[in-house]
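any chance you could fold what I've pasted below:
(one chain, ligands or ions: 1)
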Amino acid sequence: MPRFAAGVVKFQNEVYPENKDLFHELDRGQAPEALFITCSDSRIETAMITQTAPGELFICRNAGNIVPPPSTHTGGMSASIEFAVAALKVPHIVVCGHTQCGAMKGAMNPEGLDKLPYVRDWLSYSRGAVEIVEELGAGLSEDEKMTLLLRQNVILQLQHLRSHPSVARRLAKGDVELHGWVYDIKTGAVDAYDPATGDFCPVDVRYAAEMKRLAADCA
Ligand code: ZN
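Numbering: from 1, shown residues only. Reported below is the predicted structural model:
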């Protein structure tokens, strides 16, 4: 029996009974706080990182946390984004990249992808970020180049996101907020894009004002 199948039995026997009310409530519908777009990488545990429960995040995952620009060829990402944004009306959208991303390593070295033609095609949606690294990366170490690519890829995918009609409509109304994050697998750090500075900073610094307000509301 695979471990993940044994896990289902454990869930049914131990976890479900303790959370029965929550699952009954979820049976009536969902109102997630965010559309969370991240990489398929097995090392990213979205619920653990964000400390969220079932029903709180509408999650889309793919290699490289990529958002293809809208096109006449409808893909799974476009349909899922439209559903989350236009039907569920999520108030937040997060694009979350991560360290040690195999997809981003591939985007940087596409000549190594000859035997993975679909991956190579998919990563062309990150081409703009790779070009920025090629232009600005002179003199940077390989690690620094990768950090720059992870961040620029998140920024590029946020740009693609803005061009989706459902997102553009919500942005025009001002009732959806976009977030760009990079999660560090080794340290647990999450850096967030700060539109005020145009740079990334630790998540607690980025959201310091909101956290202060939340603490004041709770007091
Ligand atoms: Zn990845």
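
what sits up against stretch 154-168?
For stretch 154-168, the external contacting residues (CB atoms under 8 Å, 6 or more residues apart in numbering) are 37, 65-70, 78, 81-82, 85-86, 93, 95-97, 125-126, 128-129, 171, 176, 178, 180-182, 193. No exception for glycine: its C-beta is placed from N, CA and C like everyone else's.

can I get the CA coordinates of stretch 78-87 in PDB?
In PDB, the C-alpha atoms belonging to stretch 78-87 read as follows (Å, rounded to 0.1, in the frame of the first residue of the first chain):
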ATOM      1  CA  SER A  78      -6.900  30.700 -17.900                       C
ATOM      2  CA  ALA A  79     -10.100  28.800 -17.000                       C
ATOM      3  CA  SER A  80      -9.100  28.400 -13.400                       C
ATOM      4  CA  ILE A  81      -8.100  32.100 -13.000                       C
ATOM      5  CA  GLU A  82     -11.400  33.200 -14.600                       C
ATOM      6  CA  PHE A  83     -13.400  30.900 -12.300                       C
ATOM      7  CA  ALA A  84     -11.600  32.100  -9.200                       C
ATOM      8  CA  VAL A  85     -11.700  35.800 -10.100                       C
ATOM      9  CA  ALA A  86     -15.000  36.200 -11.900                       C
ATOM     10  CA  ALA A  87     -17.100  33.500 -10.100                       C
END
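
pull the distance from that stretch to the chain's centre.
15 Å (CA atoms, centre = their mean, to the nearest Å).

buried ones in that stretch?
78, 80-82, 84-85 (16 or more other CB atoms under 10 Å).

and of the residues you listed, the nearest to residue 5?
Of all the buried residues of stretch 78-87, residue 80 has the smallest distance to residue 5: 26.7 Å, by CB to CB.

so how far is the ion from that closest one?
18 Å (CB to the ion, to the nearest Å).
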